[in-house]
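Chemist: Generate a structure from the sequence data that follows.
(2 chains)
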2 protein chains.
Amino acid sequence: MCFNDVMMSDSSGDLLNRLLSALQVLPGVGPRSAQRMALHLLQHDRQGGKVLAEVLQQAIERVGHCETCRNLTTETRCSICSNPERDQALVCVVESPADVMALEQAGVFTGCYFVLLGRLSPLDGIGPDNLGLDLLGKRLADGGVRELIIATNTSVEGEATAHYLQQLAQPYQLKISRLAQGVPLGGELEYVDRSTLALSFNNRAPV
Amino acid sequence: MCFNDVMMSDSSGDLLNRLLSALQVLPGVGPRSAQRMALHLLQHDRQGGKVLAEVLQQAIERVGHCETCRNLTTETRCSICSNPERDQALVCVVESPADVMALEQAGVFTGCYFVLLGRLSPLDGIGPDNLGLDLLGKRLADGGVRELIIATNTSVEGEATAHYLQQLAQPYQLKISRLAQGVPLGGELEYVDRSTLALSFNNRAPV
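Modeler: Okay, here's the model as predicted:
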């Protein structure tokens, strides 16, 4: 808290200190980066800082969750769920909006998503209710879903969540699939971790 | 620009895209960090985001420069210049508000500052007028200054600025000094650059 020592006594010190603290809510930003950011905005880019403050305020106020897939949106239904060209019968379950973006950038999926906004983690008190699985259950029960693609992370919690999703979907007559696991493209075998290498060796495909 | 592909068609896409662009005015923040920051604020810390937007807006509106030393402040004179316990006759000239903070943290200086808000750089069109040197000149001419401590950076432009400051102060009867240069404390000689080592060797002090 560098400004503290410098200008504690006047209100600019308070304001600058508050700005430094406020900037540190951003992930990966500590006291040094916060100071650099604050000084940069105040000295070199006030217009950019003004726009940032306005847009951030609007986003905080207006961005909510899609009532169908729980992705971030300012509408009641997001642009993917309300797009008639996307296949509503294909549902890909992911943990976060960042995963939706990553998959959209990959550009292979033409169905819709369901965003858990988390993963099962009993130790942190995150159960099925927190992940909107009742909403997903209803969607499956309604019958319109042909295939459920499970795309949770391959962490321990992600795997547990995947298992739970599988159990959830089993009663309904639909195809359940998961993303393929193995050696990533463009990588050197030397640098692939042992578990991935063992798994991709065991699951080797005939050519 | 990750949101672009995903949600270009609805206004949340616009808003999120605008937030991503706006975050990238921050130094060291590219598209990936901007996405991480935006999602973090929207998913996990809306209150923090709200506070950040408010404080940033206030700071942009209210923080100006001290009429005496050009440091950042919300008042007409900053807390250092208006502090009766600080020696007005000792003036330390620095390039930026960050330098003031660094020196205040070192905790050895009890005088006042003059902040250039830059350094002489003819190639970038930055001359003495841009650094408020007329203001400093007036302050020296008024006579109240006993010692001028030049604490510009040791870069080429910083050195040129220091030289100019020296010329500026010469006509007045006052002590002119510069920060000592040499090997930093706590460092290993092995890792000190050659120029610094040569300089500290030539300027070696008797024990």
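
Chemist: Which positions in whichever helix or strand A:A53 is part of come out as buried?
Modeler: Taking DSSP states H and E as the criterion, A:A53 maps to helix A:46-62. Neighbour counts over helix A:46-62 (16 or more other CB atoms under 10 Å in any protein chain shown) mark A:48-53, A:55-57, A:59-60 as buried. In short, each C-beta sits where N, CA and C put it, glycine included.

Chemist: Check stretch A:107-126 too.
Modeler: Under the neighbour-count criterion of 16+ other CB under 10 Å, stretch A:107-126 has A:109, A:111-121, A:126 buried.

Chemist: can you check stretch A:85-105 too?
Modeler: A:90-101, A:103-104.

Chemist: one step back: which residues are in contact with the helix holding A:A53?
Modeler: Helix A:46-62 has contacts (CB atoms under 8 Å, 6 or more residues apart in numbering or on different chains) with A:41-42, A:74, B:12, B:15-16, B:18-19, B:22-23, B:25-26, B:38, B:41-42, B:46, B:49-50, B:52-54, B:56-57, B:59-60.

Chemist: angle of it against helix B:46-62?
Modeler: Relative orientation of helix A:46-62 and helix B:46-62, computed by axes from the mean of the first three to the mean of the last three CA atoms, to 10 degrees: 150 degrees.

Chemist: Within its sheet, name the partner strands of the following helix or strand past helix A:46-62 and how each one runs.
Modeler: Going down the chain from helix A:46-62, the next helix or strand is strand A:64-65, by DSSP H and E. Sheet pairing of strand A:64-65 (DSSP bridges) gives strand A:72-73 (antiparallel).

Chemist: Which secondary structure elements does the helix or strand just after the strand it pairs with sit against?
Modeler: Toward the C-terminus, strand A:72-73 is succeeded by strand A:87-94 as the next helix or strand (DSSP H and E). Packing partners of strand A:87-94 (3 or more CB pairs under 8 Å, 6 or more residues apart in numbering or on different chains; DSSP states H and E): helix A:97-106, strand A:111-115, helix A:133-141, strand A:147-150.

Chemist: Tell me how chain A divides into domains.
Modeler: Here the domain assignment for chain A is A:3-62, A:84-206, based on automatic domain parsing.

Chemist: Can you lay out the ones you listed as a markdown table showing distance to B:D193 and mean pLDDT?
Modeler: Converted to a markdown table, those look like this (distance: least, CB to CB, whole Å; pLDDT from 0 to 100):
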| stretch | distance to B:D193 | mean pLDDT |
| --- | --- | --- |
| domain A:3-62 | 22 | 85 |
| domain A:84-206 | 34 | 91 |
